[in-house]
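Here is the input, now give the coordinates:
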Amino acid sequence: MAYITTAERIGIQKGLEKGVQKGLQKGKIEGKIEMMLEIKFDKQGQELMKKIHKISDLKQLNTILQKIKEARDISEIQSFLKKLK
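Model (predicted):
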């Protein structure tokens, strides 16, 4: 087993903490998205969650949340999601 310095251990710990924090943020945003989709678009909105769960970029998820707030119908959200890559 290779020797790991104190600095490396600290770096590994910070990396793990950052990953956990990002995961928690992603979960909160996804929860808001899911709730908004259900309220505004019922079952049709829930069907979009499969694609949304695949998105890991927090900026994109926040943009999706904003688009849902502004959308008049589900086709606007569907079109937006198709444009994302």
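
State the distance from Q60 to F41.
19 Å (C-beta to C-beta, to the nearest Å). All C-beta spots, glycine's among them, are computed from the backbone N, C-alpha and C.

Which residue ranges of the chain form helices?
Using DSSP state H, the helices of the chain run over residues 6-47, 49-53, 58-70, 74-83.

in the chain, which ranges drop under the pLDDT threshold?
1, 85 (pLDDT under 70).

again, only using 80
1-2, 85 (pLDDT under 80).

Name the residues of stretch 56-71 that are buried.
Neighbour counts over stretch 56-71 (16 or more other C-beta atoms under 10 Å) mark 60-61, 64-65, 67-68, 71 as buried.

And those residues, which is closest to I12?
L61 (26.6 Å; C-beta to C-beta).

Tell me, how many residues neighbour the residue lying closest to that closest one once chain neighbours are set aside?
Excluding its sequence neighbours, the residue lying closest to L61 (C-beta to C-beta, 6 or more residues apart in numbering) is I29, at 4.4 Å. The tally of other residues near I29 (other C-beta atoms under 10 Å) stands at 18.

wouldn't I29 be in contact with Q60 here?
No: at 9.7 Å, I29 does not count as touching Q60 under the criterion of C-beta atoms under 8 Å.

What number of residues are in the vicinity of Q46?
12.

list the contacts for it?
34, 37-38 (C-beta atoms under 8 Å, 6 or more residues apart in numbering).
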